[in-house]
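Asks: Provided below are the primary sequence and the corresponding predicted coordinates.
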Amino acid sequence: MPVHVVTLASRPDLVDAVYGIPYPPDSPRFTRGNLASLLVRGRRVAERWPHLVVAVLDGDRPVARGIMVGYRADRDSRPRFPDGGWDQVAVWAAEDVMDGVEADTACALEIAVDPDHVGRGLSGDVLAAMRSAAAAAGLGALV
């Protein structure tokens, strides 16, 4: 399948379809119900960082997504890889937005592939698209 990738900044009309990609029933337990997952699934990331939400399209239908947030990694002696994991990065990203601090790093929060399209290598395509989107946003790293 030829891969066509977009960000929600370029295709805001796809927000519902991108977030409509179902989660597999065997999704890891830690991805359900914690604070970062609520941020990701609540579409707030798409509102604030649409340029950091990527979608792989089959025609005009999203079949995979990648969701990132931007944050300032070198602020206030923050460690590059926080002990608090993605929850900590979600807090940092929110703090930076509220403080008007420009991001220098993207953090991948999720890659999801429509269960009907699993096994086609789309997660690798999403990761490549995430790298490209982070670079296009002027962010020096993707963690």
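Replies: Nice, thanks for sending it over.
Asks: Check whether residue 43 really touches residue 12, as I assumed.
Replies: No. Taking Cβ atoms under 8 Å as the definition, residue 43 is not a contact partner of residue 12, at 11.5 Å. Where you see a C-beta, it was placed from the backbone N, CA and C, and this is true even at glycine.
Asks: These two: which is more packed in?
Replies: residue 43 (16 against 13; other Cβ atoms under 10 Å).
Asks: so what pLDDT did the more buried one get?
Replies: pLDDT for residue 43: 73.
Asks: ditto for residue 30
Replies: Listed pLDDT for residue 30 reads 57.
Asks: Kindly report the same for the one 5 residues further on.
Replies: We note a pLDDT of 65 for residue 35 in this prediction.
Asks: what's the answer for the one 5 residues further on, then?
Replies: According to the predicted model, the pLDDT of residue 40 comes to 65.
Asks: which SSE is the residue nearest to residue 139 when sequence neighbours are not counted in?
Replies: Ranked by Cβ to Cβ, 6 or more residues apart in numbering and with sequence neighbours excluded, the top spatial neighbour of residue 139 is residue 106, at 4.7 Å. Residue 106 is located in strand 105-113, with elements delineated by DSSP states H and E.
Asks: now do residue 67
Replies: Counting by DSSP H and E, the secondary-structure element that holds residue 67 is strand 61-71.
Asks: elements contacting the strand holding residue 106?
Replies: The criterion is 3 or more Cβ pairs under 8 Å, 6 or more residues apart in numbering; DSSP states H and E, and the helices and strands that strand 105-113 contacts are helix 35-41, strand 61-71, helix 85-99, helix 122-136, strand 141-142.
Asks: and it, average pLDDT?
Replies: Averaged across strand 105-113, pLDDT comes to 91.
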